[in-house]
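*Asks:* fold the following, please.
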Amino acid sequence: MADRTSFQNAADHRWDLTPAAAASLQSRLAERIERRSFHNASQKIRTVAGVDCAYRNGIVRAAVVVLQYTDLHPLAEAVAQEPVSYPYRSGLLAFREGPAILKAISRLSMQPDLLIFDGHGIAHPRRFGIACHIAMLTGIASIGCAKTRLIGDFASPAPEAGSYSLVADGKELIGAAVRTRTGVSPVFVSIGHCVDLPDSIRHVLHCCRGYRLPETTRRADRLAAFGNLSG
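*Replies:* Numbering: from 1, shown residues only. Okay, here's the model as predicted:
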């Protein structure tokens, strides 16, 4: 069972904040993001988890799938459902999906070393996307790996798999456009919490197995689908 003490006071803030208050909270919490590498041997990544959500009839279903890092063998999974209680607002996805995701993580039989989100980290107007937010509450390192760009400018990376180009917002580096499969559109990788950008790119590419999206996202997406009876 995941150690509940790892949650950094998930009740520290309410999830029903006004959009203005939610944006203000994101700006404050963004100052706590840690950008550092896993090069320390004591922080070796042994497990990585994908996080994704699906919606139907006013319900959001969150799925978390834990994989062994070396060979991406599945080790654990959990799902949770919550009523959708927050309206859609660009940049405030965590307030819509956060409660269900936290519940799903709390149901895991093991705590992963790293989370990869189908969403953004610091490549966000206030440098605090969903990957940052959930990582801050759980204390688990995280990466944002989004299918589309939210903000920032970039040059198209070379067409070969493994190529990438940096994404900047003005003069600030906020992520990378990463070509995970030759000839397909890149994904947008950014720091969530307790990682750096080179490691984030490396971990996402490691988790790709011939598809545009990493196996973490692909497995979590399948588990989150409402047709799946798990959970």
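
*Asks:* how about residues contacting the helix or strand containing D221?
*Replies:* D221 belongs to helix 215-224 when assigned by DSSP states H and E. Residues from elsewhere that reach helix 215-224 (C-beta atoms under 8 Å, 6 or more residues apart in numbering): 48-54, 61-65, 67, 72, 74, 77, 79, 116, 118, 145, 207-209, 211, 213, 228, 230-231. Backbone N, C-alpha and C define where each C-beta goes, glycine included.

*Asks:* who's in contact with I45?
*Replies:* F38, Y69, D113, L114, H203.

*Asks:* tell me the one of the residues you listed nearest T18?
*Replies:* L114 (32.6 Å; C-beta to C-beta).

*Asks:* OK, contacts around that closest one?
*Replies:* Contacts of L114 by C-beta under 8 Å, 6+ apart are I45, T47, V48, A49, Y69, I140, A141, S142, I143, V195, H203.

*Asks:* ok, now G144?
*Replies:* Counting by C-beta under 8 Å, 6+ apart, G144 touches 117, 119-123, 129-132, 175, 188-192.

*Asks:* which of those residues fall in strands?
*Replies:* F117, G175, F188, V189, S190, I191, G192 (DSSP state E).

*Asks:* just the buried residues out of these, in PyMOL syntax.
*Replies:* Buried residues within the ones in strands among the contacts of G144, by 16 or more other C-beta atoms under 10 Å, are selected in PyMOL with:
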select buried, resi 117+175+188+189+190+191+192
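
*Asks:* need the ones in strands among the contacts of G144 in a markdown table with distance to A158 and pLDDT, can you?
*Replies:* Formatted as a markdown table, the ones in strands among the contacts of G144 follow (distance: C-beta to C-beta, whole Å; pLDDT from 0 to 100):
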| residue | distance to A158 | pLDDT |
| --- | --- | --- |
| F117 | 26 | 98 |
| G175 | 17 | 98 |
| F188 | 16 | 98 |
| V189 | 16 | 98 |
| S190 | 20 | 98 |
| I191 | 23 | 97 |
| G192 | 26 | 97 |
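
*Asks:* quick check: buried residues in stretch 134-154?
*Replies:* 134-138, 140-146, 149-152, 154.

*Asks:* next one: stretch 89-108
*Replies:* Those would be 91-108, for stretch 89-108 by 16+ other C-beta under 10 Å.

*Asks:* how about the helices in this structure?
*Replies:* Ranges of helices within the chain are 19-29, 93-106, 130-138, 197-206, 215-224, based on DSSP state H.

*Asks:* follow-up on the earlier one: identify, from the contacts of L114, the entry nearest to Y86.
*Replies:* Of these, the one sitting nearest to Y86 (C-beta to C-beta) turns out to be S142, at 20.5 Å.

*Asks:* alright, calling it a day.
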